[in-house]
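In: show me how the following folds:
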Amino acid sequence: MEAIITAGGVSVPDDPLYARTGVAKKALIPLGGQPMIGWVIEALLGTGLIDHLVIVGLTPAELNFNHPALDFVPAAGGLLDNVLVGVDHVRAINPAAQKTLLCSSDIPLITPEIVHGFLAECGSQEAEIYYGIVEEKTMEARFPGSKRTFVPFKGGRYSGGDVFLLDLAAQGNVELFRSLIGSRKNYLAQARMLGLGFITRFLLRLMTVEEAAERARQRMNLNARVVVTRFAELGMDLDKVHQYDLIKAELEKIKLGRTAFNT
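Out: Residues are numbered from 1 along each chain as shown. As a prediction, this is how the structure comes out:
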């Protein structure tokens, strides 16, 4: 299996996260003794499943993380552009590749066990895209007071994760996908893109998250499925200062545990 990490995010000078960390490139924010993306790299490579790991948005000199599986590609623009350039690079280095695991660089609390668990949750893996989401009760049980944004549906509230399993042969409505990703923090804007019937049922809480995913699948012309994961770490991305503090504390515990184990 191949994997892609998108690492093109840059904090602007007036961003409170930049003021706290002093680091413009989010992937390089130091946490627990290494850049944030280092934890994601360790988790993916630690699965023993990854043949090539493509980093989009960084150079080898910036990361200083040596491993023969790593390949580096410059950022290409927005998030979807970076995903597409990463997919193109995977196809170039391994034309026979079928599945690619796609992660953002800002979920440093994932582990090899969590990655294996998510892949198991994807089941038979015959769909073209699997997208992990986290139910509010799962997130709050693991990270009380996480202050994540949860989208209300019939039967529960959910937060988007930062992990996808992609079939490299997938084709679909790229422009709609681009618009949906561009509005990923604004669920009402996403609802409007999917039509009046969708937004009416959505606002009245008459639609389950599975029904919403089916509507999006039809509009994007893709066999896409949501995975309601039991792993809150897949949705605990680092966007805000309070999330930085929470994640930093968690990783310091992990680092301390490693130190104690090795002494």
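In: what's the neighbour count on A7?
Out: Around A7 there are 29 other residues, counting by other C-beta atoms under 10 Å. (Glycine included, C-beta is placed from N, CA and C.)
In: contact partners for it?
Out: K25, K26, A27, I37, I55, V56, G57, L58, A75, S105 (C-beta atoms under 8 Å, 6 or more residues apart in numbering).
In: what's the lowest-pLDDT member of those residues?
Out: Of all those, A75 carries the smallest pLDDT score, 90.
In: might one say that it is in contact with G86?
Out: No: applying C-beta atoms under 8 Å, one finds A75 not in contact with G86, separated by 10.0 Å.
In: quick check: neighbours shared by these two?
Out: Common neighbours of A75 and G86, counting by C-beta under 8 Å, 6+ apart, are V56.
In: out of the contacts of A7, which are inside helices?
Out: Secondary structure from DSSP state H places I37 of the contacts of A7 in helices.
In: now the contacts of A7 as TSV including distance to S159 and neighbour count?
Out: Formatted as TSV, the contacts of A7 follow (distance: C-beta to C-beta, whole Å; neighbours: other C-beta atoms under 10 Å):
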residue	distance to S159	neighbour count
K25	24	19
K26	19	26
A27	21	28
I37	21	29
I55	25	27
V56	23	27
G57	24	24
L58	26	23
A75	25	19
S105	18	29
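In: out of the contacts of A7, which one sits closest to N82?
Out: Of all the contacts of A7, V56 has the smallest distance to N82: 4.6 Å, by C-beta to C-beta.
In: contacting residues around E62?
Out: By C-beta under 8 Å, 6+ apart, the residues touching E62 are K25, L28.
In: mind checking what secondary structure the nearest residue to G33 once chain neighbours are set aside has?
Out: Closest residue to G33 apart from its sequence neighbours, by C-beta to C-beta, 6 or more residues apart in numbering: K255 at 5.5 Å. For K255, the assignment made with DSSP: H, G, I helix; E, B strand; the rest coil gives helix.
In: show me where this structure has helices.
Out: With helices called from DSSP H, the chain shows them at 16-21, 36-45, 60-63, 79-93, 112-121, 136-142, 174-182, 187-193, 196-203, 209-220, 241-261.
In: worst average pLDDT in those helices?
Out: Mean pLDDT values for those show the minimum at helix 196-203, a mean of 40.
In: what residue lies at the spatial centre of this protein?
Out: Nearest to the mean C-alpha position of the chain, by C-alpha atoms, centre = their mean, lies D162 at 1.7 Å.
In: ok, now how distant is it from I5?
Out: D162 is 10 Å from I5, where distance means C-beta to C-beta, to the nearest Å.
In: shared neighbours, the two?
Out: Each of C103, S104 lies in contact with both D162 and I5 under the rule C-beta under 8 Å, 6+ apart.
In: ok now do the residue nearest to the centre of the chain, which residues does it touch?
Out: Shown in contact with D162 (C-beta under 8 Å, 6+ apart): C103, S104, D106, I107, G132, L234, G235, D237.
In: so which one among those residues has the lowest pLDDT?
Out: G132 (89).
In: quick one, what contacts that one?
Out: Contacts for G132 (C-beta under 8 Å, 6+ apart) come out as F118, E121, G161, D162, V163, F164, V226, V227, T229, F231, L234, G235.
In: and the residue nearest to G33, how far is that from W39?
Out: 10 Å.
In: overlap in contacts of the two?
Out: Common neighbours of K255 and W39, counting by C-beta under 8 Å, 6+ apart, are G32.
In: ok, these two, which is more surrounded?
Out: Counted by other C-beta under 10 Å, K255 and W39 do not tie: W39 has more neighbours, with 23 against 14.
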